[in-house]
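Participant: Here is a sequence with its predicted model. Questions after.
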Amino acid sequence: MSRVYNFSAGPAMLPEAVLQRAEKEFIDWNNSGMNVMEMSHRGKEFMSIAAQAEADLRHVMNIPDNYKVLFLQGGASAQFTAIPMNLLRGKTTADYFNTGQWSKKAIAEAKRYCDVNIVASSEADNFSTVPDKSTWNLNPDAAYVHYTANETIGGVEFDHIPDTDDVPLVVDLSSTILSRPIDVSRFALIYAGAQKNIGPAGLTLVIVRDDMIGETLPGTPITFDYKVQADNDSMYNTPPTYALYMAGLGFQWLKELGGLAAMGEINQRKAEKLYAAIDNSGFYQNPVTKQYRSWMNIPFTLNNAELDADFLAAAKAAGLVTLKGHRSVGGMRASIYNAMPEEGVDALISFMQEFAQQHS
């Protein structure tokens, strides 16, 4: 069977060039006689893989020297806990934006450790927008401000980095990391699960400024302590070695592509053409305020929801899979991360147009 275009929100498709290289190196990595999964994480072979991955990530994201790069486990959800444990630093309150399901989960976890001030919420608008800045209620005494840059389920994305003055800014960048250039220096901490735009599930990336580590809440598990992980090069315990290796191949792929500027141009083009197809169809709709539409996750509905099952079945037969929307939203969702080639978006648009013609 030939490969399909996989529009899953995560775990998501990986670049074919990355998969091909991993296949080539699967039995014997670099004449070591071992698969990467078989290597000691403290052996020279894997240490070189980890060091190269970090160097390449620092290059493509232009990460300043005063930031630590941590390769951890537990997904972004574990960071919902680790962030207040590491960043409260003697304070008792933190600011959170509420713009979708992942924001809500981060807020619920933070409330276990501190008072949470909701800066602004779009829940009353069914999470279809980003709250207007005039409604924001930032607390200048907060330990940090947290926001989810892109809500994977709702397809809502901030079109700017919030200005929080001197309060440290924290961002869940899981579904938009590496999709375009970003100014890392604007943030105290960036975190992301790998399974959308970095590599396989099992790896979690944390980029944290040096001055934000070293003062944890009493009782913080040692593996959640950013300073411990930084002092041990993310190897206090065994890291997810193969997932880290695959992420490293993805970073190299991005470098060869031309970096995040080139990737950003491709991603913007993909998103714009798919939104245009939806808006101009008269058959499909997208519920998100245009200014805050995600580049990565594009939900849409059909005029007649009774056709949803037929749409999904026909799409699958055409090699377009995992288009069903999240159960909390319904409809369809096309996730078009870095690894989704432009040809895949073109194929989806062509299919949508044909389906609309047949059922109008």
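Facilitator: Cool, got the structure.
Participant: from here on, contacts and neighbour counts on C-alpha atoms
Facilitator: OK.
Participant: which residue ranges form the helices in the stretch 151-300 of the chain?
Facilitator: Secondary structure of the stretch 151-300 of the chain (DSSP state H, counting those that start in this stretch): helices at 226-231, 241-257, 259-279.
Participant: Tabulate those (TSV), appending mean pLDDT and distance to D172.
Facilitator: Formatted as TSV, the helices of the stretch 151-300 of the chain follow (pLDDT from 0 to 100; distance: least, CA to CA, whole Å):
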stretch	mean pLDDT	distance to D172
helix 226-231	97	16
helix 241-257	97	18
helix 259-279	98	18
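Participant: For N6, find the nearest of those helices.
Facilitator: N6 lies closest, by CA to CA, to one member of the helices of the stretch 151-300 of the chain: helix 259-279, at 14.8 Å.
Participant: so what does the closest one touch, helix or strand wise?
Facilitator: Contact partners of helix 259-279 among helices and strands, from 3 or more CA pairs under 8 Å, 6 or more residues apart in numbering; DSSP states H and E: helix 44-61, helix 241-257, strand 284-285, strand 297-302, helix 342-359.
Participant: Run through the strands of the stretch 101-250 of the chain in chain order.
Facilitator: 115-121, 145-148, 150-151, 156-157, 169-172, 189-193, 204-209 (DSSP state E, counting those that start in this stretch).
Participant: Now the fourth one: average pLDDT?
Facilitator: Rounded to a whole number, the mean pLDDT of strand 156-157 is 97.
Participant: for stretch 45-64, same thing?
Facilitator: Throughout stretch 45-64, pLDDT has a mean value of 97.
Participant: quick one: it to chain centroid distance?
Facilitator: Using CA atoms, centre = their mean, to the nearest Å, the distance from the centre of stretch 45-64 to the centre of the chain it belongs to is 19 Å.
Participant: Same check on stretch 222-238?
Facilitator: Put simply, stretch 222-238 sits 22 Å off its chain's centre (CA atoms, centre = their mean).
Participant: Can you point out the buried residues in it?
Facilitator: Judged by neighbour count using 16 or more other CA atoms under 10 Å, the buried positions of stretch 222-238 are 223-230, 233-235.
Participant: show me where pLDDT drops low in this protein?
Facilitator: Across the chain, the ranges flagged by pLDDT under 70 are 1.
Participant: ok, the residue lying closest to A271 once chain neighbours are set aside - contacts?
Facilitator: Distance criterion CA to CA, 6 or more residues apart in numbering; nearest residue to A271, sequence neighbours excluded, is W295 at 5.2 Å. By CA atoms under 8 Å, 6 or more residues apart in numbering, W295 lies in contact with 157, 267-268, 270-271, 336.
Participant: Looking at neighbours, which among those residues is most surrounded?
Facilitator: Comparing the contacts of W295 by number of neighbours (other CA atoms under 10 Å), I336 comes first, having 29 neighbours.
Participant: Was I right to think S185 contacts N66?
Facilitator: No: using CA atoms under 8 Å, S185 and N66 do not qualify as a contacting pair, with a distance of 9.3 Å.
Participant: Give the intersection of the neighbour lists for those two.
Facilitator: Counting by CA under 8 Å, 6+ apart, S185 and N66 have no shared contacts at all.
Participant: before we move on, the earlier item: tabulate the helices of the stretch 151-300 of the chain (a markdown table), appending distance to P299.
Facilitator: Formatted as a markdown table, the helices of the stretch 151-300 of the chain follow (distance: least, CA to CA, whole Å):
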| stretch | distance to P299 |
| --- | --- |
| helix 226-231 | 35 |
| helix 241-257 | 26 |
| helix 259-279 | 10 |
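Participant: for these, which one sits closest to I161?
Facilitator: Going by CA to CA, the one of these nearest I161 is helix 259-279, 16.5 Å.
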